[in-house]
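Asks: Sharing a model prediction with you, sequence too.
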Amino acid sequence: MDNPVETKTPWRGFHHVALVTPDLDASIRFYRDVLGMQAGEVMERQGRHCFITPGGDTWGLHFFEHVDAELFAQPEILTQRYGFLRGALQHIAFALSDEAAARALRERLQQQGVEITPINELGPIRNFLFTDNNGLILEAAWPKEAP
């Protein structure tokens, strides 16, 4: 860059991520009932849509329902080490507080028949991947506990 910004912009993190789903009710059930997130009111302006919040200072995921939405799910990425697709949303990572929360989530996902990867270690964090009801790849990440 020719003119670097001399002052930093005071970003506070993500506000929300907008996504489409062919079935808003199924997405709400997955994120609320399986993942334990908070689903907001279903709004009708500009079609049916809803915010699903994982917690913290974020509005979370903003799902818009389009029954003819073409989703390009790549669940086989769960079994590939570097299966990234050029120009595509790779995954959304959600932060968990600790290993106990991660193990409880893994148990809920297994009970629902959701495919999950083994737990991985990436520097100071541990994580695993899984897919939502739309085939979107999600990641659960938490701090690695000291030995």
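Replies: In hand now; what should we look at? Please read all numbers here as calculations on a predicted model, not as lab measurements.
Asks: Could you use CA atoms for every contact and neighbour count after this?
Replies: Noted.
Asks: chain center to the longest helix anywhere in the chain: distance?
Replies: The longest helix of the chain (DSSP state H) is helix 99-111. Its chain's C-alpha centre and that of helix 99-111 lie 15 Å apart, by CA atoms, centre = their mean, to the nearest Å.
Asks: in that helix, what's buried?
Replies: Of all the residues in helix 99-111, those buried under the rule 16 or more other CA atoms under 10 Å are 99, 102, 105-106, 108-109.
Asks: pLDDT score for Tyr82?
Replies: Note for Tyr82: predicted pLDDT of 49.
Asks: picking up where we left off before, and which of the buried residues of helix 99-111 is nearest Pro118?
Replies: Pro118 lies nearest to Arg106 out of those, by CA to CA, at 9.8 Å.
Asks: How much space separates that closest one from Lys144?
Replies: From Arg106 over to Lys144 the distance is 16 Å, taken as CA to CA, to the nearest Å.
Asks: Strands along the chain, start to end?
Replies: Assigned by DSSP state E, the strands in the chain fall at 16-21, 38-39, 49-53, 60-65, 92-95, 120-122, 125-131, 137-143.
Asks: Show residues contacting the second one.
Replies: By CA atoms under 8 Å, 6 or more residues apart in numbering, the list of residues contacting strand 38-39 from outside reads 28, 31-32, 50-55.
Asks: roughly how far out does stretch 20-33 sit from the chain middle?
Replies: For stretch 20-33, the distance to the chain centre is 12 Å (CA atoms, centre = their mean).
Asks: For it, list the C-alpha coordinates in PDB.
Replies: Output of stretch 20-33 as PDB, limited to C-alpha atoms (Å, rounded to 0.1, in the frame of the first residue of the first chain):
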ATOM      1  CA  VAL A  20     -29.000 -17.800   3.400                       C
ATOM      2  CA  THR A  21     -30.900 -21.000   4.100                       C
ATOM      3  CA  PRO A  22     -33.700 -22.800   2.200                       C
ATOM      4  CA  ASP A  23     -35.400 -23.700   5.500                       C
ATOM      5  CA  LEU A  24     -35.200 -21.000   8.300                       C
ATOM      6  CA  ASP A  25     -37.200 -23.100  10.800                       C
ATOM      7  CA  ALA A  26     -34.700 -26.000  10.400                       C
ATOM      8  CA  SER A  27     -31.700 -23.600  10.900                       C
ATOM      9  CA  ILE A  28     -33.300 -22.200  14.000                       C
ATOM     10  CA  ARG A  29     -33.900 -25.700  15.400                       C
ATOM     11  CA  PHE A  30     -30.300 -26.700  14.700                       C
ATOM     12  CA  TYR A  31     -28.600 -23.600  16.200                       C
ATOM     13  CA  ARG A  32     -31.100 -23.300  19.100                       C
ATOM     14  CA  ASP A  33     -31.900 -26.900  20.000                       C
END
